[in-house]
Structures are given as C-alpha cells and as structure tokens.
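When you get a sec, could you give me coordinates for this:
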Amino acid sequence: MSGNLLRRVRVAEVERVANRIKRFRLVDADNAPLSEFSGGSHISVVMHAGDRLLRNPYSLMGAPSDTSSYQISVLNVEDSRGGSKFMHENVSVGTELEIGQPLNLFPPAKLAKKHVLVAGGIGITPFMSMMNELDGLHSDFELHYGVRSLEDGAYCKYLQSRYGSRVNIYRQDQGQLIPLERILGDQRLGTHMYVCGPKPMIDWSLQTAKLLGWPDENVHSEQFSAPPPGKQFLVKLARSGREVIVRGHQSILEALEENGVDAPFLCRGGACGQCETQVVACDGFIEHNDHFLTEPERVSGKKIMICMSRIQTGSITLDL
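This is a model prediction of the structure:
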C-alpha cells in the first residue's frame, strides 16, 4: 500500500525562528479540524516545484491534541534538492499545499521510567510535540540540545522558559559539547534515550549508548535524509513490463510516482521499511542509502529501499 491520502492545507503563519529556519503554521483549506497526532509524529508536505513533484517529511511541533493547526519548521538546506528552498522562497501566508496524514515512527516508549532527549540543530523539531505530550502526562524527561549558537538554534528561549531545568542547551560557539557519556552513564534502569539531528551526531549517540551497555530496545533515533543525487539510470518493472528513467536528482520512488506507478512508501527517508522492494536483476552497483536494511541484506543485492537508494549506472529490475 502506498502513502496515505492527501489533504489540502493553507499556510496561516510564517515566522523566522533562527538563522535559515522558518516555522510554518498550517490550517485545513476548508477550515475543518485536522487529525490528532502523537508526540514524535511527522507529515509529508507535497510541493509542485515547476515540473518536479517533491514530498518532504517534517516533524509536527504543536500540541498533539490541537486540531486547529499543524506547525512545522524547515531548515533552508544549502545543498537542498529543492524542497527546503521551495518552502523558504515560494511559500508564504495564504499559500495552499497538500499534506499526508500524520505518521509516527518516533513515539516515546509508554513504559519508560524516564526519557532522555538528545537533539542537534533542526533535530529539535520532533521533541517539541514529544515534550508537550510527556509534560501533559507528568512523565520524567530531560532535553539535551546542541546548537551552533543561539542565533542558529531554534526555540531555545521558549524551551527554557516552558520546561525550566529539564532543558539543557549546549552552544558550540562557546565550546560547549553535550556530555553524553556522563548523561547516559548516570541514568536509572528503565530510562529510554531518543536522538534526532545530523547523522554524525546520531551515530555518535547510538555508539555511546552501545558502549555503555544500553539495551537496543531503550535507544531510539530518527533521521530524515534526502536521497543523494547521482547519474541517470533505468528501472525495469518485472510485473508490468514498464521501463522508467530515474534522473540524477530523483529517487527511484519519485521517478515511479512521476510516471504514475503506485509504489509503497511511508517515511520517504529510508527508515520505516515500507518501500522495501525485491531486486530481480541488476547490472549496476547498488548504493544503499537507507537506515533499515542489515549489512547482509545489502551485500546480497536482493533488496533495495526505493525511497533512498539507487544504482551508479546501468539498469535494475524490480518486482513491481
């Protein structure tokens, strides 16, 4: 089954909240209530950028029970494939967009005794709704948020004002680093850690937790990665007999959608496993850019995550 049904929304508010970061408040185009969501959820925003159709996932930041509007924050990425640039340059108050229904691949563990949240940069966004939910449940949590500077870090003052000593800000411009080893080494049994931010930070956090003996089931991460560009190649669909060209700036999923092929997806970031597709044949080298397949599965060459991965040259035949 492919991604969820789309809903028309209107941009009700745009605010610059940090260097290169804007907050967008979205309301239903017909002023109907929006769907409730849970802390850590995200939506996909559909953008029509010229002849290109872009779908970018963004974390929902407001109160999960607030059905009057959704709030997202968008970092203007320097090497953007077009989505963040489009949001910053083409979207203003009154602009209409399409969004998918909320999905949650990063929920807080219901049975956790305590929640340790580790954020870097724009990775603060899923924790905005998560903290709102945890605070309403009177759950024990603490946030450790690394920013380049106060000008680059979004919502620092708001978070400290609302949650007080539970929020810890670390400023790179003042030489401050998150003392993760000390933080994770001083937690009671039943504590869960959640991390979101740049890939190097996520990798470091997961490795630190592993070295300190944290159980895998107590460690959670989320990263929305964009599929990297590459050279043009050919996708052959074994079931329908169709052939689709994947251009250098596209993912396989985007090329299939452009050609009217219904393919499975949810997160579009190589994390959920929904778009896992069997490889029937391949005469090129598969570049696995997902966060889902195991190393043995990648080496086998029998599976590919079509939202993120591609081949260098040649053609690939998929079970679609």
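
So residue 254 lies in a strand, does it not?
No: per DSSP: H, G, I helix; E, B strand; the rest coil, residue 254 lies outside any strand segment and is helix.

Find the nearest non-adjacent residue to it, please.
Nearest non-adjacent residue to residue 254, counting by Cβ to Cβ, 6 or more residues apart in numbering: residue 53, 7.2 Å away. Using the backbone N, CA and C atoms, a C-beta is placed for each residue, glycine as well.

list the contacts for the one you found?
Residues in contact with residue 53 (Cβ atoms under 8 Å, 6 or more residues apart in numbering) are 46-47, 254, 257-258.

Name the member of those with the most neighbours.
residue 254 (23 neighbours; other Cβ atoms under 10 Å).

ok, now how distant is that residue from residue 127?
Per Cβ to Cβ, to the nearest Å, residue 254 is found 29 Å from residue 127.

My read is that residue 221 contacts residue 204, right?
No: using Cβ atoms under 8 Å, residue 221 is not in contact with residue 204; the gap is 11.0 Å.

Who has more neighbours out of these two?
Higher neighbour count among residue 221 and residue 204: residue 221, with 21 against 17, using other Cβ under 10 Å.

and that one, what helix or strand is that in?
According to DSSP states H and E, residue 221 maps onto strand 219-222.

Can you give the strand pairings for that strand, parallel or anti for each?
strand 191-196 (parallel) (DSSP bridges).

So what touches the helix or strand just after the partner strand?
Toward the C-terminal end, the helix or strand that comes next after strand 191-196 (DSSP H and E) is helix 199-211. Residues outside helix 199-211 that contact it (Cβ under 8 Å, 6+ apart) are 118, 120, 123, 146, 180-181, 184, 193, 195-196, 218-219, 221, 223, 225.

Strands of the stretch 51-200 of the chain, residue ranges please.
Secondary structure of the stretch 51-200 of the chain (DSSP state E, counting those that start in this stretch): strands at 52-59, 70-75, 96-100, 114-120, 141-147, 167-171, 191-196.

can you give me the angle the fifth one makes with helix 199-211?
Think strand 141-147. Angle of strand 141-147 versus helix 199-211, following axes from the mean of the first three to the mean of the last three Cα atoms, to 10 degrees, is 140 degrees.

Got the phi and psi for residue 257?
phi -60, psi -40 (degrees, to the nearest 10).

quick one: it and residue 264 touch, right?
No: with contact defined as Cβ under 8 Å, residue 257 does not count as touching residue 264 (11.4 Å).

Tell me how many other residues surround residue 148.
Other residues close to residue 148 by other Cβ under 10 Å number 14.

now do residue 301
Residue 301: 14 neighbours (other Cβ under 10 Å).

residues in contact with it?
279, 282, 286.

residue ranges with poor pLDDT in this protein?
Filtered on pLDDT under 70, the chain yields the residue ranges 1-4.

Could you break it into its assigned domains?
The chain breaks down by automatic domain parsing into domains covering 6-100, 114-222, 233-318.

Ends of the last one, what's the gap?
With Cα to Cα, to the nearest Å applied, domain 233-318 spans 13 Å between its terminal residues.

hmm, back to that, tell me what the next helix or strand after the strand holding residue 221 is packed against?
Once the chain leaves strand 219-222, the next helix or strand it forms, by DSSP H and E, is strand 233-237. Contact here means 3 or more Cβ pairs under 8 Å, 6 or more residues apart in numbering; DSSP states H and E; on that basis strand 233-237 packs against strand 243-246, helix 252-258, strand 315-318.

Just the CA atoms of the longest one, as PDB, please.
Output for helix 252-258, consisting of C-alpha atoms alone and laid out as PDB, is shown next (Å, rounded to 0.1, in the frame of the first residue of the first chain):
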ATOM      1  CA  ILE A 252      13.500   5.700  -7.700                       C
ATOM      2  CA  LEU A 253      10.300   6.300  -5.800                       C
ATOM      3  CA  GLU A 254      10.000   9.900  -7.200                       C
ATOM      4  CA  ALA A 255      10.600   8.600 -10.800                       C
ATOM      5  CA  LEU A 256       7.900   5.900 -10.400                       C
ATOM      6  CA  GLU A 257       5.400   8.500  -9.000                       C
ATOM      7  CA  GLU A 258       6.200  10.800 -11.900                       C
END
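
Make sure residue 272 is indeed in a strand.
No: under three-state DSSP, residue 272 falls outside any strand and is assigned coil.

Is it in contact with residue 290, as I believe?
No: counting by Cβ under 8 Å, residue 272 stays clear of residue 290, with 9.7 Å between them.
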